[in-house]
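Peer 1: here are the coordinates; sequence isn't available:
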């Protein structure tokens, strides 16, 4: 999905499937439907096919959707990759298995992304951001200070580059993996790991508790609250 300057939605799609013959392929394609409907100010795009009948043919639909930049969007896939570019509205994205990649345009809106298994990369937003994956890397990069932040991976690396507003709360965690943060604002920091090391570096740091696997303290003049946790893995914070 990508933003464009036209005040309308355009959908291009390609149907794909494996088949033993042209006749079989045409039968699969005839059952694969793509529909765009409108109700009030909401547009709904649905791609579907009878899974019990055609699972062995590995059917899938590649969609290219162009929308006005300010449009709020939701995307949900059973399995597949989600790519969004240039949007500024609220985004809710979910895939059961696949990567999620968002490059926003200085969006101050709310962005929520989830993948059961897959990599999540979110960049360009300055609002309320959530990235959650069951297994895979989760990375958020902001050009400014976020109003709220949540990053979690059940198993995988988690990364954050950016800052927090003075009233924001940030929670970054992984069950098994490293946490890497490049912090571009002041913050109250609480970082801990069950098995690994915690390393916080930079200027204007003050600490109230520090050990090999725990850091509690302040970066700069303080501000937003940043909680970092790894069950098994190291934590690195550069201020």
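Peer 2: Arrived safely. In this text, all values refer to a predicted model and were calculated from it rather than measured experimentally.
Peer 1: Check this structure for its longest helix and report it.
Peer 2: For the chain, the helix that runs over the most residues, judged by DSSP state H, is helix 22-31.
Peer 1: Tell me how far it lies from the chain's centre.
Peer 2: 35 Å (C-alpha atoms, centre = their mean, to the nearest Å).
Peer 1: what does the domain assignment say about this protein?
Peer 2: 1-68, 69-238 (automatic domain parsing).
Peer 1: which of those domains is buried the deepest?
Peer 2: Counting by mean count of other C-beta atoms under 10 Å, domain 69-238 has the highest mean neighbour count of these, with a mean of 19. C-betas here are computed from N, CA, C, even on glycine.
Peer 1: what mean pLDDT does that one have?
Peer 2: Average pLDDT, domain 69-238: 94.
Peer 1: tell me how far the ends of that domain are from each other?
Peer 2: Distance across domain 69-238, first residue to last, is 34 Å (C-alpha to C-alpha, to the nearest Å).
Peer 1: Stretch 187-203 now?
Peer 2: Using C-alpha to C-alpha, first and last residues of stretch 187-203 are 13 Å apart.
Peer 1: Distance-wise, check residue 160 relative to residue 64.
Peer 2: As judged by C-beta to C-beta, to the nearest Å, residue 160 and residue 64 stand 30 Å apart.
Peer 1: what's the answer for residue 210, then?
Peer 2: 51 Å.
Peer 1: How about residue 10?
Peer 2: Applying C-beta to C-beta to residue 10 and residue 64 gives a distance of 8 Å.
Peer 1: what's across from the closest residue to residue 4 other than its chain neighbours in the sheet?
Peer 2: Excluding the flanking residues, the one nearest residue 4 by C-beta to C-beta, 6 or more residues apart in numbering is residue 66, at 4.6 Å. According to DSSP bridges, the residues that bridge with residue 66 are residue 2, residue 10.
Peer 1: Quick check, residue 66 in contact with residue 9.
Peer 2: Yes. In this structure residue 66 lies within contact range of residue 9 using C-beta atoms under 8 Å: 6.9 Å.
Peer 1: Excluding sequence neighbours, find me the nearest residue to residue 124.
Peer 2: Excluding the flanking residues, the one nearest residue 124 by C-beta to C-beta, 6+ apart is residue 104, at 3.8 Å.
Peer 1: Make sure that neighbour is actually in contact with residue 121.
Peer 2: No. Look at residue 104 against residue 121 with C-beta under 8 Å: they stay out of range, at 11.4 Å.
Peer 1: For residue 148, which residues are in contact?
Peer 2: Applying C-beta atoms under 8 Å, 6 or more residues apart in numbering, we find residue 148 in contact with 127, 128, 129, 130, 168, 169, 170.
Peer 1: any idea what residue 114 is structurally, helix, strand or coil?
Peer 2: strand (DSSP: H, G, I helix; E, B strand; the rest coil).
Peer 1: so who does it touch?
Peer 2: 93, 94, 95, 100, 120, 132, 133.
Peer 1: how near is residue 161 to residue 182?
Peer 2: In terms of C-beta to C-beta, residue 161 sits 4 Å off from residue 182.
Peer 1: same check, this time on residue 131
Peer 2: Distance check for residue 131 against residue 182: by C-beta to C-beta, it reads 16 Å.
Peer 1: same question, residue 77
Peer 2: According to C-beta to C-beta, residue 77 stands 31 Å off from residue 182.
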